[in-house]
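Visitor: Sharing a model that was predicted from the sequence below.
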Amino acid sequence: AAATTTASHAAAAPGSKGRARVASEEIDEEMAGVWRQLRLQVRLDVDDAGDAYVIQGYVPGLRNEHIKVQLSSDGSSLTVAGTRFPTARETTAMIRQLQREGVEGVEALMRIGAGRFGTFSQQFRLPSNADRERISADYNNNILRVLVPKRQQPRAPVFSSPPTQRLPFGQPRGAMGGGGLGGFPGARPRNMFEDRDFWW
């Protein structure tokens, strides 16, 4: 498991496996505060997966307890943050490098660890259809992934109506297959007058 140690503690017994094992299990809050001062450059991309928005990026060396996903008080934005601390082995390697260079001190240690360790934080504005109640995050194989599901929109009811039937009024005479009045099928009644019976 990753842990942070003080420079003096990690270098106290470089040849002692027992003491190094104890150091790897301890977290030094003073050095943790030092590493939090560094800014770690992390790229988080946003993709539209259809039913959800996915925020993800490659961030090696994190621990779950050092990752924070926080929704703003008004629910308009989401903050994804985390801190990568050096392990006891990484701290020891940096101290030995400083010893070879003939330098010491916390500032020199931070100079070596810059770009590899530190804190990152990015804020994302959430769209109106984001389901804020179902946001989740996971960290596997050095990939930090935040899932923002989309809220399901209610579908409007679809009403069906029978097809409109065209009335035969106004059809040309005989259009319906007969010579009836007004375009209605059927024979013309006897003694009915026609246009020729009138003078215009």
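Guide: Noted; the coordinates are in hand. For clarity, every value in this text was computed on a predicted model and none was experimentally measured.

Visitor: How about the contacts made by Gly82?
Guide: Val42, Val59, Leu62, His66, Ile67, Lys68, Thr119, Phe120, Ser121, Leu144 (Cβ atoms under 8 Å, 6 or more residues apart in numbering). (C-beta placed from N, C-alpha, C; glycine too.)

Visitor: And for Arg132?
Guide: So Arg132 contacts Leu71, Gly75, Leu126 (Cβ under 8 Å, 6+ apart).

Visitor: Quick check: chain neighbours aside, which residue is closest to the first one?
Guide: Once its chain neighbours are removed from consideration, Leu71 has its nearest residue in Leu78; the separation is 5.7 Å (Cβ to Cβ, 6 or more residues apart in numbering).

Visitor: got it, and the second one?
Guide: The shortest distance from Gly75 to any non-neighbouring residue, by Cβ to Cβ, 6+ apart, is to Arg132 (5.1 Å).

Visitor: how close does the residue nearest to Leu71 sit to Glu30?
Guide: With distances taken as Cβ to Cβ, to the nearest Å, Leu78 is found 31 Å from Glu30.

Visitor: Comparing the two, which shows the higher neighbour count?
Guide: Per other Cβ atoms under 10 Å, whichever of Leu78 and Glu30 has more neighbours is Leu78, with 22 against 9.

Visitor: Looking at strand pairing, list the partners for that one.
Guide: With DSSP bridges as the criterion, Leu78 is bridged to Leu71, Phe124.

Visitor: So in the protein, which helix runs the longest?
Guide: Criterion DSSP state H: the longest helix present in the chain is helix 88-101.

Visitor: Which positions in it come out as buried?
Guide: For helix 88-101, the neighbour count (16 or more other Cβ atoms under 10 Å) marks Ala88, Glu90, Thr91, Thr92, Met94, Ile95, Leu98 as buried.

Visitor: For it, enumerate the helices and strands it packs against.
Guide: Other helices and strands packing on helix 88-101, by 3 or more Cβ pairs under 8 Å, 6 or more residues apart in numbering; DSSP states H and E, are helix 7-11, helix 17-24, helix 106-113.
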